[in-house]
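sequence first, then the predicted structure, then my questions.
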Amino acid sequence: MLDIRTLREQPDLAKSRLASRNADYSQTIDAILAIDADRRASETRLQGLQSERNRLSKEIGKLRAQKQDSAALEAEVKSLADEMQALTEKSNALSDEQTALLLVLPNFPQPAVPVGKEAADNPEIRVHGEKPSIANPKDHVALAEALGLIDPDRAVKISGSGFSVYMGQGAKLERALLNFLLDLHTRDHGYTEVSPPFVVKRDCMVGTGQLPKFEEDMYGIDGGGLFLVPTAEVPVTNLHREEIVNAAQFPIKYAAYTPCFRREAGSAGRETRGLIRMHQFDKIELVKICAPEQSASELEALTGDAERVLQALGLHYRVIELCTGDMGFGAAKTYDIEVWAPGQNAYLEVSSCTNFEDFQSRRMNLRFKAEDEKNRFCHTLNGSGTALARLYVALLENGQQPDGSVHIPAALQPYFGASTISK
RNA sequence: GGUGAGGUGGCUGAGUGGUCGAAAGCAGCGCUUUGCUAAAGCGCCGUAGUCCAAAAGGCUACCGAGGGUUCGAAUCCCUCCCUCACCGCCA
């Protein structure tokens, strides 16, 4: 959520900072400012009346204590009631309206974020390794089915399209990856492991920015009061919602595994083959909470922590920076990490590392006590460390051997218990 | 699911219709004094909104949340949420 003061005091700057996103928000900002002016006028008038009421009521108390007649004053206070009632209702309505509009306004991209419209405009920041030379690479679906690792037909039978069932060694590989990733981040990168609920309250979804704007992409249950988590970012970042956290703990670093549930509304037919776009997939998420002046460097470190996953597994990848038009709703700056998948002849996004600055913390009222004793909003960041399904794709397609078996990277072998997967 | 108790400031905890935004203690901050690692005394010490060009300051709201009664609500009434205890059920 953006700061209403910024919008009020520098509306033109606010509009220009949002202009590079792929939608025009200037009308929304104008609407917010009109409501804000109206709201404040109502509140000022109401507060004047409240002040008058309080003053008169104290007079009444004094008169009654002295056994004197207070009927005239009581009538006077009563005469204020109608207008106060009307102003209270008006102020509340305007306040709700203002908040509703503020919640659908995206974050400001950082000034240095490259301006662009779509994914093609995202600059490549760095590349690690090289594409392996594999003659006539098979894709992961062919490899996994041949080896009996997944059972797509039965997944459809029990849950419909967009779900997967891992079987036997395939299931074990998934479990091995989870343990490998959590160990890497907690042991080598200093993150605290968190195992959160996979269901969260509506407020949490608003706090991290999924709601109210993207409800059609979420799985709501219990009449809309609870949601299946679309990412561990939601329960983990919200752990400290409505808190004033101790700055001595900064940066707070959490790593969490959850399955991620996404409707993927409107994406039917896009990348739907195999494991690449699913309604449920596993992910390790890294979350940081820190002071504003730390967040820029923490984003670089976070991205590096996610990259180390791919380095440890010997996978070729690149890091791109998202342009203004491609960035997510709450993002101030985002790096995507894309791993090479020979069977797709394409890079697959396996991690998205984002600095939200104070966008989420305003929504969830997450603050810390600054050195000047003021309560300030924290900065929050998160990044995948990494998504499992696409990493799984990359492992199969990069590890494939001419005989149809799949080589398991050395770092993963202790977790998987074997160096290859074969029939 | 049943019964009972309860939700007050960073913490403990008073307060059952009128100078209560809220006693007291603890913690924290500042000053003074004495001095071997601390003690005593004094003072300060919630959050948010709003008014003012800003500062100073004023005003308003907040005692789990939302309504209601009243001239006036932390205090009375209603609904909801949550916590604790015991019982039931249960991986």
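Structure's in. What do you need? No experiment lies behind these values; they were computed from the predicted model shown.

quick check: residues of the stretch 251-400 of chain A near RNA strand B?
When proximity is defined as Cβ under 7 Å from any atom of the strand, the stretch 251-400 of chain A approaches RNA strand B at A:367, A:375. Any C-beta I mention is one placed from the backbone N, CA and C, and that applies to glycine too.

just for the stretch 251-400 of chain A, where's the confidence low?
Along the stretch 251-400 of chain A, segments meeting pLDDT under 70 span A:266-272.

sketch out the helices for it, chain order is fine.
Using DSSP state H, counting those that start in this stretch, the helices found in the stretch 251-400 of chain A span residues A:295-312, A:359-364, A:388-399.

let me have the ones you listed in a markdown table, adding distance to residue A:20 as columns.
Output for the helices of the stretch 251-400 of chain A, formatted as a markdown table (distance: least, Cβ to Cβ, whole Å):
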| stretch | distance to residue A:20 |
| --- | --- |
| helix A:295-312 | 19 |
| helix A:359-364 | 16 |
| helix A:388-399 | 28 |
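
which stretches of the stretch 101-250 of chain A form strands?
Here the stretch 101-250 of chain A has its strands, by DSSP state E, counting those that start in this stretch, at A:124-128, A:192-194, A:199-201, A:220-221, A:226-228, A:244-245.

ditto for the stretch 251-400 of chain A
Taking DSSP E, counting those that start in this stretch, the strands of the stretch 251-400 of chain A run over residues A:252-261, A:280-290, A:317-321, A:333-341, A:346-357, A:367-369, A:375-377, A:379-387.

what pLDDT does the model give whichever residue of the stretch 151-300 of chain A sits closest to RNA strand B?
Nearest residue of the stretch 151-300 of chain A to RNA strand B, counting by Cβ to the nearest atom of the strand: residue A:244, 7.1 Å away. On the pLDDT scale, residue A:244 is placed at 83.

beta-bridge partners for the closest residue in space to it that isn't next to it in sequence, please?
Closest residue to residue A:244 apart from its sequence neighbours, by Cβ to Cβ, 6 or more residues apart in numbering: residue A:367 at 5.0 Å. Legend: beta-bridge partners of residue A:367 under DSSP bridges are residue A:244, residue A:377.

ok, now which ones touch the one residue in the stretch 301-423 of chain A that gets nearest to RNA strand B?
Closest approach between the stretch 301-423 of chain A and RNA strand B, counting by Cβ to the nearest atom of the strand: residue A:375, at 4.5 Å. Contacts for residue A:375 (Cβ atoms under 8 Å, 6 or more residues apart in numbering) come out as A:244, A:367, A:368, A:369.

pretty sure the first one is touching residue A:365, no?
No: Residue A:244 lies out of contact with residue A:365 (Cβ atoms under 8 Å); the separation is 9.3 Å.

I'd like the helices of the stretch 251-400 of chain A as JSON lines, with mean neighbour count and distance to residue A:146 appended.
Formatted as JSON lines, the helices of the stretch 251-400 of chain A follow (neighbours: other Cβ atoms under 10 Å; distance: least, Cβ to Cβ, whole Å):
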{"stretch": "helix A:295-312", "mean neighbour count": "20", "distance to residue A:146": "25"}
{"stretch": "helix A:359-364", "mean neighbour count": "24", "distance to residue A:146": "44"}
{"stretch": "helix A:388-399", "mean neighbour count": "26", "distance to residue A:146": "10"}
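
minimum distance to residue A:205: which of those has it?
Between residue A:205 and the helices of the stretch 251-400 of chain A, the shortest gap by Cβ to Cβ is with helix A:359-364, which sits at 10.0 Å.

what helices or strands is that closest one leaning on?
If you count contacts as 3 or more Cβ pairs under 8 Å, 6 or more residues apart in numbering; DSSP states H and E, helix A:359-364 packs onto helix A:202-208, strand A:379-387.

is it correct that residue A:193 is in contact with residue A:186?
Yes: between residue A:193 and residue A:186 there is a contact at 4.9 Å, judged by Cβ under 8 Å.

can you report how many residues neighbour the residue nearest to residue A:244?
Residue A:367: 19 surrounding residues under other Cβ atoms under 10 Å.

quick check: buried residues in stretch A:319-335?
A:319-327, A:330-335 (16 or more other Cβ atoms under 10 Å).

which of these sit farthest apart?
A:319 and A:330 (20.4 Å).

circling back to that earlier point, and of the helices of the stretch 251-400 of chain A, who's closest to residue A:172?
Of all the helices of the stretch 251-400 of chain A, it is helix A:388-399 that lies closest to residue A:172, at 11.9 Å by Cβ to Cβ.

tell me the domain ranges of chain A?
The record's domain parsing of chain A by automatic domain parsing lists A:4-103, A:119-421.

and the lengthiest helix in chain A with RNA strand B, contact?
For chain A, the longest helix by residue count, based on DSSP state H, is helix A:26-65. Yes: under the criterion of Cβ under 7 Å from any atom of the strand, RNA strand B is reached by helix A:26-65 at A:36, A:40-41, A:43-44, A:46-48, A:50-51, A:53-58, A:60-62, A:64.

cool, and stretch A:187-198?
No: residues of stretch A:187-198 contacting RNA strand B under Cβ under 7 Å from any atom of the strand: none, with a closest distance of 12.6 Å.
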